[in-house]
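Peer 1: got a predicted model here, sequence first, then my questions.
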Amino acid sequence: MLNTLYVTTPEAYLSKDGLNVVVSVKQQEMFRIPVFNIEGIVTFGYMGVSPGLMRLCSDNSISLSFLSPQGRFIGRLQGGTKGNVLLRKKQYQLADDENVSLHISKIIVAAKIQNYRNVLRRYIRDYGENENINIAVKGMDMDKRYALKAPDKSVLRGLEGDAANKYFSVFNNLILSNKEFVFSGRNRRPPKDSINAMLSFVYTLLANECAAALETVGLDPYIGFMHTLRPGRQSLALDIMEEFRAYLGDRLVLTLINRKQVTQKDFVKQGDESVLMTENCRNLIIKSWQARKKEEIMHPYLKEKIPIGLLPYAQAMLLARYLREDLDDYPVFLI
């Protein structure tokens, strides 16, 4: 499995030298890597990328993603469209089919709720009973049952939001040994506290991984089934990342907090409303993210051990097989 190159220095300029990606700061070369050693580049800078490197990435099917220094997604450059055109045609047809679209949306939301629930149940298993968590879990069980029977997407989104509110209402209980961090609820655009800043950042990384995986198997990451289509919005990537939020996103943030790898010194306030991560904090999260991707997991459907970093690819592949009617249903990822 090839790595993704993350460039977190805002002043970094990316260019090419032969078949190498070169990262420079103030015209001083800081790092270089052969293009064949990476599968994607994610840059958090504002200095830009040379046209030559863009061409090199396009010719070698390397995705090039642009994020703001705060981690907000800006845009993505991808080479020629991959995969069978008939697969994308089928995807577009089924995205317009209300029954199919609702079915896929229901099982994805049910998987998201189930994975939320399992994160909480793991806490109870490891640390003993907690009344508030038990109440949240029971409520989410009900939300999941209703989600699978939802008559339309409007009702489904309401159940999804209700389950998320229950989950995040007890999220602070999962912070065990670092009481300088207190979670009082999910907020974003902009995040108003350090935990939400980390969650939003990790979700952005995850969405980017899902978009790249979908491109790899030949699906269009912008045409989804659950998230509303909107110019520039990678709706299908947002769809399949719902299965991974709890397992890949939330658990990583909780691990960094509980191991005291992050402190409040890793964040700075911007005005009265938002909190930003320092460059050191972003680097720590990305390093932990890359290490996590190399760990292995037994895939619940494939019954094979695969690197965690390949989970988005595995789900994208399974979704493509379902859309081609090679599978009777889409096997969602459950922890």
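Peer 2: Perfect, thanks for sending it.
Peer 1: who are the packing partners of the lowest-mean-pLDDT helix or strand in the chain?
Peer 2: Sorting the helices and strands of the chain by mean pLDDT, DSSP states H and E puts strand 73-77 at the bottom, at a mean of 77. In this structure, strand 73-77 makes packing contacts with helix 51-59, strand 63-67, helix 194-217, judged by 3 or more CB pairs under 8 Å, 6 or more residues apart in numbering; DSSP states H and E. All C-beta atoms are positioned from the backbone trio N, CA, C, and that covers glycine.
Peer 1: which of these has the lowest mean pLDDT?
Peer 2: Lowest mean pLDDT within those: strand 63-67, at a mean of 81.
Peer 1: quick one, that one and helix 51-59 angle?
Peer 2: 130 degrees (axes from the mean of the first three to the mean of the last three CA atoms, to 10 degrees).
Peer 1: coming back round to it: contacting residues around the least confident helix or strand of the chain?
Peer 2: For strand 73-77, contacts defined as CB atoms under 8 Å, 6 or more residues apart in numbering pick out 54, 57-58, 63-68, 204, 207-208, 211, 232, 234.
Peer 1: out of the helices and strands packed on strand 73-77, deepest packed?
Peer 2: helix 194-217 (a mean of 24; mean count of other CB atoms under 10 Å).
Peer 1: where do the strands sit along this protein?
Peer 2: 3-7, 12-17, 20-25, 28-34, 38-43, 63-67, 73-77, 267-270, 274-277, 296-298, 305-307 (DSSP state E).
Peer 1: let me have the ones you listed in JSON lines, extended by distance to residue 249.
Peer 2: Shown next, in JSON lines, are the strands of the chain (distance: least, CB to CB, whole Å):
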{"stretch": "strand 3-7", "distance to residue 249": "16"}
{"stretch": "strand 12-17", "distance to residue 249": "25"}
{"stretch": "strand 20-25", "distance to residue 249": "27"}
{"stretch": "strand 28-34", "distance to residue 249": "27"}
{"stretch": "strand 38-43", "distance to residue 249": "16"}
{"stretch": "strand 63-67", "distance to residue 249": "16"}
{"stretch": "strand 73-77", "distance to residue 249": "15"}
{"stretch": "strand 267-270", "distance to residue 249": "18"}
{"stretch": "strand 274-277", "distance to residue 249": "15"}
{"stretch": "strand 296-298", "distance to residue 249": "15"}
{"stretch": "strand 305-307", "distance to residue 249": "17"}
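Peer 1: closest to residue 218 out of the ones you listed?
Peer 2: strand 63-67 (14.3 Å; CB to CB).
Peer 1: count the residues that sit near residue 36.
Peer 2: Using other CB atoms under 10 Å, residue 36 is surrounded by 11 other residues.
Peer 1: my error: substitute residue 325 in the last question.
Peer 2: 8.
Peer 1: one more: residue 189?
Peer 2: 8.
Peer 1: what residues does the residue nearest to the spatial centre of the chain make contact with?
Peer 2: By CA atoms, centre = their mean, the mean C-alpha position of the chain lies nearest to residue 206, the distance being 1.9 Å. The contact partners of residue 206, taken as CB under 8 Å, 6+ apart, are 241, 244-245, 248-249, 312.
Peer 1: need those residues in TSV (columns: pLDDT and distance to residue 280).
Peer 2: TSV is the format used below for the contacts of residue 206 (pLDDT from 0 to 100; distance: CB to CB, whole Å):
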residue	pLDDT	distance to residue 280
241	95	26
244	95	26
245	94	25
248	94	22
249	94	20
312	91	27
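Peer 1: among these, which one sits closest to residue 166?
Peer 2: Nearest to residue 166 among those, with distances taken as CB to CB, is residue 245, at 14.4 Å.
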